[in-house]
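Q: From the sequence below, what's the structure:
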Amino acid sequence: MSNIAPATQHRRIDFIGGGRGMAGNLPALAAFNAASDREVAVTIHDIKPGVAACGARAARAMGLAATAREVDARTLPPLAEDALLLVQTDDGTTNARVLLQQPQVDKLGFLVVRDAQDRLFTVIADVPAADEHVAAGAAAFFAALGHNAVEGTSSDVWGDPTFAARQPLIRNRIAREFTDRIERKAAGLSTRPGVRMSFDGATSHRVFLFDRRSGFGNPATDAHAILANADVPIWTDEMVVIGEVGRDAEVRLHRVRQRSIDGAVLVEDVPVIDPRGVWPTDGDRYIRAQQDRERLMEIAARNAITRRRPVRTTD
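A: Numbers count the residues shown, from 1 in each chain. Down below sits the predicted model:
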């Protein structure tokens, strides 16, 4: 007989935010309960009068055991260790604060973002219990996005017909994230901690976060270093994202992959050489490295998320 204790199962999901995001998750959770022997109860927390109660009624109508709490998410009472806290408000700053609380529970954070270039992406944070490093990085990223967000409503994101058509894909992506999290936790498998991003709703990509308050780095240097030294191997043609948070909460994102046909490293589809160890005496190679850096920094500055080029966020 094995003497290995079974993994603690998530027996309750605590939703932070009782709005559109929570409502979009309920059908997936009801389907999960119907198909599983690990039934999960739901508690919905929202400070707005009547919102949590409305969400709980909708959950019970789908056969879920659900309760409501009208409470400020930033001042939650301690939760049970077997809870899974889903942090899904439309405010990145609120999400960041909650991710830093309740260290005894596992947390998943979600935020849907539309940037000034009309790119739509979903940010996903998986924060295991007691992992202060992951919590701090994820919270800093969410807080920076919240700092650079303008006030508005979900229609500012979903009102565009092109984006509205992608909403089901994004809802399915989020649902897969938390149902997969429940299954992995119960089976004692790795739960993929850290931050990921999805640009199409179909796939998610690991994000490598850098604190760049003292100045932005060379994306080519970061890309080659990550592909060579990642703790988890990165396959060729697999895309990962470099996320830099600079002074005044400016956010710069760089999509990176290694092309399988020739091994070239691409940052935002620009092939770049490894600038590490390249010196002015290296002639053409040095010139190429400088050209790569200038081009990438120009692209990054043009696509940066700042107060002057804000984002719109929703749950």
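Q: Helix, strand, or coil at Arg252?
A: strand (DSSP: H, G, I helix; E, B strand; the rest coil).
Q: What segments of the stretch 51-200 of the chain are strands?
A: 66-69, 83-87, 106-114, 120-127, 194-198 (DSSP state E, counting those that start in this stretch).
Q: can you redo those as TSV with distance to Gln290, mean pLDDT and mean neighbour count?
A: To be clear about C-beta, it is placed using only N, CA and C from the backbone, and glycine gets the same treatment. Output for these, formatted as TSV (distance: least, C-beta to C-beta, whole Å; pLDDT from 0 to 100; neighbours: other C-beta atoms under 10 Å):
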stretch	distance to Gln290	mean pLDDT	mean neighbour count
strand 66-69	57	89	20
strand 83-87	42	87	25
strand 106-114	32	92	24
strand 120-127	30	93	23
strand 194-198	29	94	21
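Q: quick one: which of those is nearest Ser154?
A: Among these, the nearest to Ser154 by C-beta to C-beta is strand 106-114 (8.6 Å).
Q: by how many degrees do the closest one and strand 194-198 diverge?
A: On the basis of axes from the mean of the first three to the mean of the last three C-alpha atoms, to 10 degrees, strand 106-114 is oriented at 30 degrees to strand 194-198.
Q: Give me the packing partners of strand 106-114, helices and strands only.
A: On a contact count with 3 or more C-beta pairs under 8 Å, 6 or more residues apart in numbering; DSSP states H and E, strand 106-114 meets strand 83-87, helix 92-99, strand 120-127, helix 132-147, helix 155-158, helix 161-187, strand 312-314.
Q: sec struct for the residue lying farthest from the centre of the chain, please.
A: In the chain, the residue that sits farthest from the middle, by C-alpha atoms, centre = their mean, is Thr281; the gap is 42.3 Å. Under three-state DSSP, the three-state class of Thr281 is helix.
Q: What distance do you get for it to Gln290?
A: Distance of Thr281 to Gln290, given as C-beta to C-beta, to the nearest Å: 13 Å.
Q: the domain parsing of this structure - what is it?
A: What the record gives for the chain is the domain set 12-185, 205-303, from automatic domain parsing.
Q: Of those domains, flag the one that's most buried.
A: Greatest average neighbour count among those goes to domain 12-185 (a mean of 19), per mean count of other C-beta atoms under 10 Å.
Q: Work out the gap between that one and the centre of the chain.
A: In this view, domain 12-185 has its centroid 11 Å away from the chain centroid, taken as C-alpha atoms, centre = their mean, to the nearest Å.
Q: which residues touch the host helix or strand of Arg288?
A: Using DSSP states H and E, Arg288 sits in helix 284-303. With C-beta atoms under 8 Å, 6 or more residues apart in numbering as the test, helix 284-303 has contacts from 115, 117, 216, 218-220, 244, 252-254, 267-268, 270, 272-273, 275, 278-280.
Q: ok, 7 Å please
A: By C-beta atoms under 7 Å, 6 or more residues apart in numbering, the residues outside helix 284-303 that reach it are 117, 218-220, 252, 254, 267-268, 270, 272-273, 275, 278-280.
Q: so can I have CSV of the domains of the chain showing distance to Phe199?
A: Shown next, in CSV, are the domains of the chain (distance: least, C-beta to C-beta, whole Å):
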stretch, distance to Phe199
domain 12-185, 5
domain 205-303, 8
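Q: In terms of mean pLDDT, which of those domains ranks lowest?
A: When these are compared by mean pLDDT, domain 12-185 comes last with a mean of 87.
Q: Nearest spatial neighbour of the residue nearest the centre of the chain, chain-adjacent residues omitted?
A: For the chain, the residue sitting closest to the mean C-alpha position, by C-alpha atoms, centre = their mean, is Ile124 at 2.0 Å. Nearest residue to Ile124, sequence neighbours excluded (C-beta to C-beta, 6 or more residues apart in numbering): Arg196, at 4.6 Å.
Q: Test my guess that Val157 contacts Arg166.
A: No - counting by C-beta atoms under 7 Å, Val157 does not reach Arg166; the two are 10.2 Å apart.
Q: ok, back up a step: export the strands of the stretch 51-200 of the chain to CSV and tack on distance to Arg309?
A: Putting these into CSV (distance: least, C-beta to C-beta, whole Å) gives the following:
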stretch, distance to Arg309
strand 66-69, 37
strand 83-87, 25
strand 106-114, 12
strand 120-127, 15
strand 194-198, 18
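Q: how close does the residue nearest to Ile124 get to Glu177?
A: Arg196 is 8 Å from Glu177, by C-beta to C-beta.
Q: and for these two, which residues touch both?
A: Ile124.
Q: Between its first and last residues, how far does stretch 73-91 reach?
A: For stretch 73-91, the first-to-last residue distance is 12 Å (C-alpha to C-alpha, to the nearest Å).
Q: I meant stretch 229-243, not that one.
A: Terminal-residue distance, stretch 229-243 (C-alpha to C-alpha): 17 Å.
Q: tell me the secondary structure for Asp274?
A: Going by three-state DSSP: Asp274 is coil.
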